[in-house]
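> Quick one: sequence and predicted model below, then my questions.
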Amino acid sequence: AAPLRELERGLERWTRGDLSTPLDESHMGGWRRLARQFSRAQTDLQRSLEDAQAELAIERVRLQTLIEKLPDALIITNLRGDVTFFSAAAMPLIGVGPQDVQPGGRALFSPIDPERWRMEVQALLRRHSAGKAVEIPLADGSVAIYSTTVTMFRDASSGDFGVLLMLRNVTAERRLEALKEEFFQSAAHDLRAPLFAIQGYLRLLRKSLVLDEKQASWFDAVERSGEKLTHLVKDALDEARIENGHLKIAPSPVDPRALLRRTVQLFAPLADERGVALEGAPEASAPASFLADERLIERLLHNLVSNALKFTPPGGHVLVAASGGPDCVELKVSDTGPGIPESLRSAIFEKFRQLETSGPRSGFGLGLSICARIVKLHGGLIWVEPGAGCGSRFIARLPLSQGRKEPS
């Protein structure tokens with residue numbers, strides 16, 4: 001009975017994590033051999049546990065170092081909003097200084113003064129859910145702009161849910177973007193007046209002079225360059241108006257068939273010059289009219305057709321079409337150009353974005369961005385997909401009347 005009781009006491013010590021106290025062989029009687037085997041197993045287990053703890057400590061330090069070196073701020077909370085971890089980069093965001101951090105106070109998943117920082121973190125989460133950039137006043141009185149990413153996770157060991165909030169400081173990028181926009185706005189305004197004067201005098205000269213064929217071609221080249229520069233100025237000014245919220249839509253009935261006809265007539269000379277077949281083909285399902293800002297919708301279609309003609313090689317084909325659904329109209333521009341890689345199809349609607357593989361760069365990269373803004377102003381959708389066989393097809397889906405929800 002005594003050896004069994006000693007074994008029982010040894011197992012109880014194991015369950016409490018005590019692997020350092022051996023069995024008392026004086027109580028084991030003839031079972032001393034078993035006691036020695038038990039002690040050896042206990043020693044081996046203790047050594048394995050110490051090795052595992054040392055390895056875990058190394059990995060913990062490595063993970064902590066990696067997180068501390070991240071330029072992005074990292075905050076972890078539970079579902080109540082209690083801060084359980086924050087990285088060094090997050091300290092100025094939640095009003096924490098080095099003096100506030102106790103030794104070991106930022107260990108993963110260990111609560112840190114939850115009442116103090118819960119409101120700040122919940123405010124960050126609310127601002128993220130609003131889908132806007134987060135402006136955060138810092139302790140030094142400055143204001144920084146952060147982009148946020150929020151992810152929910154579940155602890156595999158405890159089963160508890162948590163929230164991972166990552167914040168990236170984009171203040172410098174936003175300021176650079178604002179400077180870029182300010183430059184384009186200023187340049188566009190400064191160019192507009194002399195450009196219009198040049199075009200006006202060119203028209204007067206053409207009317208007053210008798211030109212031979214070669215001289216007329218020179219005038220044509222100058223006028224085309226002037227028109228191209230005019231389009232660039234309009235792009236920059238329209239982008240500025242949209243960005244500042246000054247561009248409002250003035251809805252009126254728009255006939256999609258007439259719209260396609262005017263667009264094809266306008267771009268027919270350019271298509272002939274490039275050796276590209278340009279065709280307008282409204283489908284039978286196209287509505288008789290839809291309610292939209294006709295000037296902006298023409299601009300949308302002109303930008304799409306101009307883009308298609310620019311990237312379609314000689315002998316290619318550009319098709320301008322319109323179709324309808326129960327509550328929408330679709331304007332489509334298809335080309336037989338090189339196409340757009342899938343990875344870039346969403347990015348091409350961003351400002352100042354141009355394809356590197358699309359040949360010589362021209363323009364500011366605002367044309368498709370303006371298209372996307374115009375469609376959004378009308379409560380519609382725009383996307384690009386592969387063409388039939390080759391090339392690309394741009395589709396703008398617009399509601400039949402303004403004031404409705406986004407078309408399905």
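Received the coordinates, thanks.

> If you rank every helix and strand of the chain by mean pLDDT, what lands last?
Sorted by mean pLDDT, DSSP states H and E, the helices and strands of the chain end with helix 114-129, the least confident at a mean of 60.

> how about the longest strand along the chain: buried residues?
In the chain, assigned by DSSP state E, the strand with the most residues is strand 143-154. For strand 143-154, burial by neighbour count (16 or more other C-beta atoms under 10 Å) applies to A144, I145, Y146, S147, T148. All C-beta atoms are positioned from the backbone trio N, CA, C, and that covers glycine.

> circling back to that earlier point, what element comes up after the least confident helix or strand of the chain heading to the C-terminus?
The helix or strand immediately downstream of helix 114-129 is strand 134-137, counting by DSSP states H and E.

> So which bits of that next one are buried?
Neighbour counts over strand 134-137 (16+ other C-beta under 10 Å) mark V134, I136 as buried.

> who does that strand touch, helix- and strand-wise?
Judged by 3 or more C-beta pairs under 8 Å, 6 or more residues apart in numbering; DSSP states H and E, strand 134-137 is in contact with helix 114-129, strand 143-154.

> Show me what that strand pairs with in its sheet, parallel or antiparallel.
Applying DSSP bridges, strand 134-137 is found paired with strand 143-154 (antiparallel).

> where's the strand it pairs with relative to the chain centroid, distance-wise?
Its chain's C-alpha centre lies 14 Å from the corresponding centre of strand 143-154 when counted by C-alpha atoms, centre = their mean, to the nearest Å.

> Can you mark which positions in the next helix or strand after it are buried?
Sequence order places strand 161-169 as the next helix or strand after strand 143-154, per DSSP H and E. Neighbour-count burial for strand 161-169, counted by 16+ other C-beta under 10 Å, picks out G162, V163, L165, M166, L167, N169.

> How about stretch 218-235?
Within stretch 218-235, the residues that count as buried by 16+ other C-beta under 10 Å are T230, H231, L232, V233, K234, D235.

> Equivalent analysis for stretch 384-393, please.
Those buried within stretch 384-393 under the rule 16+ other C-beta under 10 Å are V384, G387, G391, S392, R393.

> Just give me the closest of the residues you listed to A271.
G391 (14.9 Å; C-beta to C-beta).

> Which residues are in contact with the closest one?
Listed by C-beta atoms under 8 Å, 6 or more residues apart in numbering, the contact set of G391 reads T312, G316, S334, D335, T336, G337, P338, G339.

> Look at it and report its pLDDT.
At G391, the pLDDT value in this model is 86.

> confidence score at A139?
67.

> Give me the distance from the helix or strand harbouring F196 to the chain's centre.
Assessed by DSSP H and E, F196 sits inside helix 171-208. Computed by C-alpha atoms, centre = their mean, the chain-centroid distance of helix 171-208 equals 29 Å.
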